[in-house]
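Student: Task: produce atomic coordinates for the following.
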Amino acid sequence: MEKLKDKIRVKVIMLPTESKSIIRKIDEINTLVFDPIMKFGNQHLYFISDREIKDFDYVVLGDGKTIHHMSPTDMVDYLESQSSSTKRIEASTDPSLHLPLIGEAFIQKYVKEQGDIKEVMIEMSTITWGGTVETTPVEIEKVVKMRKDYTVIISPIKDNWTREEVTELMSRAFNMGYNYKGSVTSRVSIDNWIAQNL
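Tutor: Modelled structure (predicted):
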């Protein structure tokens, strides 16, 4: 079985832009087109998440229309208001943001589906620090995993699982709970439940 990868669920949104884009929205007929030549109706895609917002992250503000680059001063205001409607941008089709890019294959699929893809999963990598043979490295941060061309690795939202995947997810959940607070139940009882119910 393939080991489950670290992934997060992100929302897919599209916003108008004045900058160059290969996605066009023709309002008169409410249609999206993939076309790098036309000069009107430019749109960019953004993958947004509920992950913690930090200094210098790009975000979509609570109005759902405004892209903003968070400064330390903005962070103070944000932390005071704790606006849950402000979302972190994880990736975009806008290269000027210097974020991981959304690949052309996904863009074409999004246009073909006329914007009917609302959520996807993207792969993450863990940045760690330290660690020796005797100690475990400390997890510092999760970052968006990219291919060599700086595009994110995307997969559809999964809505069914194999027995092996459920077993691995349950093992991960048990280990996280054990490492965090100590076990409330034994590992043997979890294994027994899996054997009886899956």
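Student: Tell me where this structure has strands.
Tutor: Per DSSP state E, the chain carries strands over the ranges 7-16, 23-26, 31-34, 42-49, 58-60, 67-69, 87-92, 119-129, 138-144, 154-155.
Student: Would you mind listing the buried residues in stretch 104-115?
Tutor: Of all the residues in stretch 104-115, those buried under the rule 16 or more other Cβ atoms under 10 Å are Phe106, Ile107, Tyr110, Val111, Gly115. From N, CA and C alone the C-beta is placed, and that goes for glycine too.
Student: which ones are touching the second one?
Tutor: If I follow you right, that is Ile107. Under the criterion of Cβ atoms under 8 Å, 6 or more residues apart in numbering, the neighbours of Ile107 are Ile22, Ile23, Phe34, Leu45, Thr93.
Student: For Gln114, see how far away the nearest residue to Pro36 once chain neighbours are set aside is.
Tutor: Leaving aside its sequence neighbours, Pro36 sits nearest to Ile22 (Cβ to Cβ, 6 or more residues apart in numbering; 4.5 Å). Ile22 is 16 Å from Gln114, where distance means Cβ to Cβ, to the nearest Å.
Student: Trp106 touches Ile154, doesn't it?
Tutor: One correction, residue 106 is Phe, not Trp. Yes. Assessed by Cβ atoms under 8 Å, Phe106 is found in contact with Ile154 at 5.5 Å.
Student: overlap in contacts of those two?
Tutor: By Cβ under 8 Å, 6+ apart, the residues touching both Phe106 and Ile154 are Val120.
Student: How many neighbouring residues does Val60 have?
Tutor: For Val60, the neighbour count with other Cβ atoms under 10 Å is 20.
Student: Isn't Trp129 up against Glu141?
Tutor: No. The pair Trp129 / Glu141 is not scored as a contact, 9.6 Å apart, by Cβ under 8 Å.
Student: Which one's more surrounded, those two?
Tutor: Under the criterion of other Cβ under 10 Å, the comparison of Trp129 against Glu141 puts Glu141 first, with 13 against 9.
Student: so how far is Val138 from the residue lying closest to the more buried one once chain neighbours are set aside?
Tutor: The shortest distance from Glu141 to any residue other than its chain neighbours is 4.9 Å, reached at Ile127 (Cβ to Cβ, 6+ apart). Going from Ile127 to Val138 by Cβ to Cβ gives 10 Å.
Student: Val138 and Thr128: what is the separation?
Tutor: For Val138, the distance to Thr128 equals 6 Å [Cβ to Cβ].
Student: just Glu90 next, same as before
Tutor: Note on Glu90: its distance to Thr128, by Cβ to Cβ, is 20 Å.
Student: again with Glu52
Tutor: According to Cβ to Cβ, Glu52 and Thr128 sit 18 Å apart.
Student: the more surrounded of the two?
Tutor: Thr128 (12 against 8).
Student: ok now do Glu90, which residues does it touch?
Tutor: So Glu90 contacts Ile8, Val10, Phe47, Ile48, Ser49, Arg51, Leu99, Pro100, Ile122, Val144, Val152 (Cβ under 8 Å, 6+ apart).
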